[in-house]
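Visitor: sharing a sequence plus its predicted fold:
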Amino acid sequence: MIKITLKDGSIKEVESGKTIFDVAKSISGRLAKEAVAGVVNGTTVDLSYVLDEDVDLNILTINDEEGIDIFRHTSAHVMAMAVQNLFTGTKLAIGPPIENGFYYDFDTDHVFVPEDLEKIEEEMKRIIKEDLKPERFTLPRDQALKFVADLEADYKVELINDLPEDAELSFYKHGEFVDLCAGPHLPGLKQIKAFKLLSIAGAYWRGDADKKMLQRIYATSFPKASQLEAHLHRLEEAKKRDHRKLGKELKLFSLMEQGPGFPFFLPKGMVVKNKLLEYWREVHDEAGYVEIETPMILNRDLWETSGHWYHYSENMYSLKIDEEDYAIKPMNCPGGMLVYKTELRSYRDFPMRVGELGKVHRHELSGALHGLMRVRAFTQDDAHIFMLPSQIKDEIKEVCRVIDSVYETFGFKYHVELSTRPEKSIGSEEQWEHAEKALQEALEEMNLDYKLNPGDGAFYGPKIDFHLEDCIGRTWQCGTIQLDMQLPERFDLTYIGEDGEKHRPVVIHRVAFGSIERFLGILIEHFAGKFPTWLSPVQVKLITVADRHEMYAKNIKSTLESYDIRVELDNRHESVGYKIREARLERNPYMLVIGDKELEERNIAVRSRDEGELGSMSLEDFTERLLDEIVLKKIGEKND
């Protein structure tokens, strides 16, 4: 008998020679049904793996993140088999799982068109119906190279040649299909219940523009048809909410070929952006932050001190001034360190909370640019908190409170991840242990559930990431809290302690929005362009029925503007129905229609974007209602 230590710490004794599937079946029929692979002593393997000694075992199911990746990677192999069956001579490149799906890159003379996707899906269904069992086998390097060469699998030859000499070369086979693959895979193809081929794109082999352009098919798969249906619905919703489309329709920003990756903010977009910045300043003023501004261009000496010149230069824009090397800042942090050094600091100054809404520039590849979500110039809502080691936990809790209040204002739910010391890091074991413990205790004392990511911290310190969820279930990593053990050393930051001696401060880097531009893009999609009243570029649209109503409408406009309410008047010589339809498309929170009845009664007819017709009311009552929404930052309806 051998001892199997399971994930929960329990020990199960089984006969030597049993497979992981046998162990799963002995635990429960449901586990055996949902199992996709196992992790033996930290290595992920197939369910057919034979256990012949005492091991630590974690049985992965379709509900685990790694489990769904295995499910989708097997789906990618099925798609590749279907393509090769239908289009003779197709060569396979790579086919990995990705977030919410998978893809495979193909080299074929046939040019894929959308109609081909349906044919491939039908062939995949036929293959799955056969319930072929993926089989793993290994070959020595020379035999593996001969094997793939005989298959005319040129791309696999290159992949093998790039692997270390001692690498195990494994293949997976189901039916006549075979592919070089590390695995693992599902025990049977019938587990793939629902899938959909989504799109076709071009992709250079290994992402190198000097190499051949391949054809990539994107797809997704799920264990249940209902899950696929829900995912496809989210994709449709995402298309309708695309911030690039809505940004253009609502005249918020423009993306121009004269400045790829450098968005142009239009007047209405600037209203929203400035309201976000005003809100940020309110929150941080209340939380005891001071605000600074550091230069956008700084010399090479600074970037060498920070380490960016040697480790981040490919993402930086550099230039020469008076024959000296300079760079446009990709991060605000080094400038913040210089601000700290402008004075001699004492332990009495701590905690010292310093915020900066700093514009940064990073050279992103043109293919990675995406509206406001991935740009080359953006504003980070940075803050650097300088403190004593004894203040770490309390400051982490305070930062979490600030970030929580920000997300609550916009109606976002979120989850938290704690990332600990990576393999390559700086600082002593004692420093890391103290820092990680402080972060963990802070989260636990705040009753914040969190996911632990061992070894995924920054090389200079552990971090907490906030992943917010929008109204259609997508997650976005925005807020982050990072404990830094590097920059205080590099910049020789000190303070005078109670003992009169010099000491190093502890530094926290943190953002709440992350990038103002990206956060605005997320908000556009989250609210489908229907911003809450306080954030909306136009809060009230006034519509006149005829010319005789114009003076009364202008008086209403002046009254509302005296309360700093943002109003637009539509007095064009168009039908009232046309003007109302246009106003609806603009997604303004309120519409006031002014006709003979309103003029006679000195009232207004109010229509709410979120509640529909509110009927006739006095301007005073309407103004009171509107100001209440604005001051309390109420959230209206987010869905279309």
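Guide: Cool, got the structure.
Visitor: please make it C-alpha for all contacts and neighbour counts, starting now.
Guide: Fine.
Visitor: surely I392 touches A438?
Guide: Yes. In this structure I392 lies within contact range of A438 using CA atoms under 8 Å: 6.4 Å.
Visitor: higher neighbour count, these two?
Guide: With neighbours defined as other CA atoms under 10 Å, I392 and A438 compare such that I392 has more, 24 against 21.
Visitor: show me the contacts for the more buried one.
Guide: A435, A438, L439, V506 (CA atoms under 8 Å, 6 or more residues apart in numbering).
Visitor: part of a helix, is it?
Guide: Yes. Assessed with DSSP: H, G, I helix; E, B strand; the rest coil, I392 lies in a helix.
Visitor: now it: how far from P351?
Guide: 9 Å (CA to CA, to the nearest Å).
Visitor: go through this protein and flag its longest helix.
Guide: Determined from DSSP state H, the single longest helix within the chain is helix 65-86.
Visitor: what are the phi and psi angles of E130?
Guide: phi -70, psi -10 (degrees, to the nearest 10).
Visitor: residue contacts, it?
Guide: E130 sits in contact with K190, where contact means CA under 8 Å, 6+ apart.
Visitor: the one 3 residues further on too?
Guide: Going by CA under 8 Å, 6+ apart, K133 touches H174, G175, P187, G188, L189.
Visitor: for R609, same thing?
Guide: R609 makes contact with R584, R587, N588, P589, Y590, M591 under the criterion CA under 8 Å, 6+ apart.
Visitor: switch to 10 Å and redo it
Guide: R609 sits next to K530, A583, R584, R587, N588, P589, Y590, M591, G636, E637 when contact means CA atoms under 10 Å, 6 or more residues apart in numbering.
Visitor: ok, I508 next?
Guide: Neighbouring residues of I508 by CA under 10 Å, 6+ apart: 353, 383-387, 392, 395-396, 399, 461, 463, 481-485.
Visitor: cool, and I472?
Guide: A230, H231, H233, R234, L235, E237, A238, E525, H526, K638, N639 are the contacts of I472 under CA under 10 Å, 6+ apart.
Visitor: got the phi and psi for it?
Guide: When read as degrees, to the nearest 10, the backbone of I472 gives phi -110, psi 20.
Visitor: intersection of neighbour lists for I392 and P351?
Guide: By CA under 10 Å, 6+ apart, the residues touching both I392 and P351 are I385, F386, V506, V507.
Visitor: among those residues, which one lies nearest to A203?
Guide: Nearest to A203, judged by CA to CA, of the shared contacts of I392 and P351 is V507 at 41.9 Å.
Visitor: avg pLDDT for the longest helix of the chain?
Guide: Taken as a whole, helix 65-86 has a mean pLDDT of 95.
Visitor: now it - C-alpha only, PDB.
Guide: What follows is helix 65-86, C-alpha atoms only, in PDB (Å, rounded to 0.1, in the frame of the first residue of the first chain):
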ATOM      1  CA  GLU A  65      -8.600  27.300 -13.500                       C
ATOM      2  CA  GLU A  66      -5.900  24.800 -14.600                       C
ATOM      3  CA  GLY A  67      -8.600  22.200 -15.200                       C
ATOM      4  CA  ILE A  68     -10.500  24.400 -17.700                       C
ATOM      5  CA  ASP A  69      -7.200  25.200 -19.500                       C
ATOM      6  CA  ILE A  70      -6.700  21.400 -19.900                       C
ATOM      7  CA  PHE A  71     -10.300  21.100 -21.200                       C
ATOM      8  CA  ARG A  72      -9.700  23.800 -23.700                       C
ATOM      9  CA  HIS A  73      -6.300  22.600 -24.800                       C
ATOM     10  CA  THR A  74      -7.800  19.200 -25.600                       C
ATOM     11  CA  SER A  75     -10.500  21.200 -27.500                       C
ATOM     12  CA  ALA A  76      -7.800  22.900 -29.500                       C
ATOM     13  CA  HIS A  77      -6.400  19.400 -30.500                       C
ATOM     14  CA  VAL A  78      -9.900  18.400 -31.700                       C
ATOM     15  CA  MET A  79     -10.100  21.600 -33.800                       C
ATOM     16  CA  ALA A  80      -6.700  20.900 -35.300                       C
ATOM     17  CA  MET A  81      -7.700  17.400 -36.200                       C
ATOM     18  CA  ALA A  82     -10.900  18.600 -37.800                       C
ATOM     19  CA  VAL A  83      -8.900  21.200 -39.900                       C
ATOM     20  CA  GLN A  84      -6.400  18.600 -41.100                       C
ATOM     21  CA  ASN A  85      -9.200  16.200 -42.000                       C
ATOM     22  CA  LEU A  86     -11.000  18.900 -44.100                       C
END
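Visitor: that helix: how far from the chain's middle?
Guide: 25 Å (CA atoms, centre = their mean, to the nearest Å).
Visitor: quick check: what element follows it along the chain?
Guide: Using DSSP states H and E, the helix or strand that follows helix 65-86 in sequence is strand 91-92.
Visitor: mark which of the contacts of I508 are part of strands, please.
Guide: R353, A383, H384, I385, F386, M387, K463, I481, Q482, L483, D484 (DSSP state E).
Visitor: which pair in those residues spans the largest distance?
Guide: Taking CA to CA, the two most distant members of those are R353 and K463; they sit 17.9 Å apart.
Visitor: and those two? which has more neighbours close in?
Guide: K463 (25 against 20).
Visitor: show me the shaky parts of the protein.
Guide: By pLDDT under 70, the weakly predicted segments of the chain are 636-640.
Visitor: how is it partitioned into domains?
Guide: With automatic domain parsing as the criterion, the domains of the chain are listed as 2-61, 66-239, 261-294+338-526, 295-328, 540-631.
Visitor: the third one: end-to-end distance?
Guide: Yep, that's domain 261-294+338-526 we're talking about. The first and last residues of domain 261-294+338-526 sit 22 Å apart, counting by CA to CA.
Visitor: again, but for the last one
Guide: Across its full length, domain 540-631 reaches 16 Å between end residues, using CA to CA.
Visitor: can you check the shortest one too?
Guide: The distance separating the two terminal residues of domain 295-328, taken as CA to CA, comes to 9 Å.
Visitor: centre of the chain to that domain, how far?
Guide: Put simply, domain 295-328 sits 28 Å off its chain's centre (CA atoms, centre = their mean).
Visitor: what do you get for the third one?
Guide: In terms of CA atoms, centre = their mean, the gap separating the centre of domain 261-294+338-526 from the centre of its chain is 16 Å.
Visitor: and the closest residue to E550 other than its chain neighbours, how close does it get to G612?
Guide: The shortest distance from E550 to any non-neighbouring residue, by CA to CA, 6 or more residues apart in numbering, is to T544 (6.3 Å). T544 sits at a distance of 19 Å from G612 (criterion: CA to CA).
Visitor: so for these two, which sits in the more crowded spot?
Guide: Higher neighbour count among T544 and G612: T544, with 26 against 11, using other CA under 10 Å.
Visitor: which ones are touching that one?
Guide: Counting by CA under 10 Å, 6+ apart, the residues that T544 touches are 550-554, 569-576, 579, 592-596.
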